[in-house]
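>>> when you get a sec, could you give me coordinates for this:
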Amino acid sequence: MKIGYFSPSYKRPEKSSTQIKYPFVKLVVRESESDEYLKNGNDIIVCPDTAQGNLCRIRNWIIDNLMNDNDAIVIMDDDYKNISRWEKQKLIILNEDELQEEIEQLAILTKDYGFYFFGINIVTDKGAYREHTPFSTNKYIGGPFQGFLKGSIPRYIEELNLKEDYDMTLQHLHMYGGCLRANYLNYDVKQANKKGGCAVTRTSKEEEKQFIMLQKKWGSNIIKRDNKSKRGFDFNPILKTPLKGV
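The predicted structure is shown next:
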């Protein structure tokens, strides 16, 4: 199975940590920033300036323009530390060959399930790895790593560019009855301390606005607030689906 790996990058022209760790991932950058990215040694694909500035818009551009040459694509963040897996109670950081092998097997399994959307665990904590359920079929798949098989797949909603991963998960659950998440694989990214990217538009006011929009779209029985969060009001929703699965 031929899989393309792409990472949209916006106003982060320094050498991508994702590309340092996994050189097969290509950055997708707007034309007006391309020279600066190239100057810092990044391997890039150039998109029109009009495709950037909104996370959902650039992700849709990648699906619409880069899927044709692949059986599947993976869209990753540009600020990875690594991807790892739990094995015999140990967390093992994957090299580039190991990662590609793991993802190809995951994509094939996704196809066997009849799904079109796959991902990996959102945290590295050992407690989040469900040892006896290495896969989930109805759980949230985070934006830093989202994989798509070629076929009839939904597109990202531009108005939900800070909640796009929740909405994309729910769209696939609604259309195909599931998506595949490998709980034994997980990612570690630098989201909280990087300039550029979503940080350009991410504010508490916009987070709350999009949370309300997402909840109105899918209903308060599906999208719930995390009232137990230590951060007080947490804009990251709790996703509850009525679909059977794990």
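>>> alpha carbons only for contacts and neighbour counts from here, please
Will do.
>>> lowest-scoring secondary structure element of this protein by mean pLDDT?
Least confident element among the helices and strands of the chain, by mean pLDDT, DSSP states H and E: strand 234-239 (a mean of 83).
>>> pairing partners for that strand, with directions?
strand 223-226 (antiparallel) (DSSP bridges).
>>> which other residues reach the partner strand?
214-215, 233-240 (CA atoms under 8 Å, 6 or more residues apart in numbering).
>>> send the alpha carbons of that strand over as PDB?
Output of strand 223-226 as PDB, limited to C-alpha atoms (Å, rounded to 0.1, in the frame of the first residue of the first chain):
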ATOM      1  CA  ILE A 223     -20.200  16.500  22.900                       C
ATOM      2  CA  LYS A 224     -19.900  17.200  26.600                       C
ATOM      3  CA  ARG A 225     -17.800  19.600  28.700                       C
ATOM      4  CA  ASP A 226     -15.100  18.100  30.900                       C
END
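>>> average pLDDT for it?
The average pLDDT for strand 223-226 rounds to 90.
>>> how far off centre is it?
20 Å (CA atoms, centre = their mean, to the nearest Å).
>>> flag every buried residue along it.
223-226 (16 or more other CA atoms under 10 Å).
>>> by contact count, what packs against the longest strand anywhere in the chain?
The residue-count maximum for a strand in the chain (DSSP state E) belongs to strand 180-189. When contacts are defined as 3 or more CA pairs under 8 Å, 6 or more residues apart in numbering; DSSP states H and E, strand 180-189 packs onto strand 80-87, strand 117-121, strand 135-136.
>>> compute the inter-axis angle for the following helix or strand past that strand and strand 234-239.
Going down the chain from strand 180-189, the next helix or strand is helix 204-218, by DSSP states H and E. Orientation check (axes from the mean of the first three to the mean of the last three CA atoms, to 10 degrees): helix 204-218 against strand 234-239 gives 20 degrees.
>>> packing partners of helix 204-218?
Helix 204-218 packs on strand 223-226, strand 234-239, going by 3+ CA pairs under 8 Å, 6+ apart.
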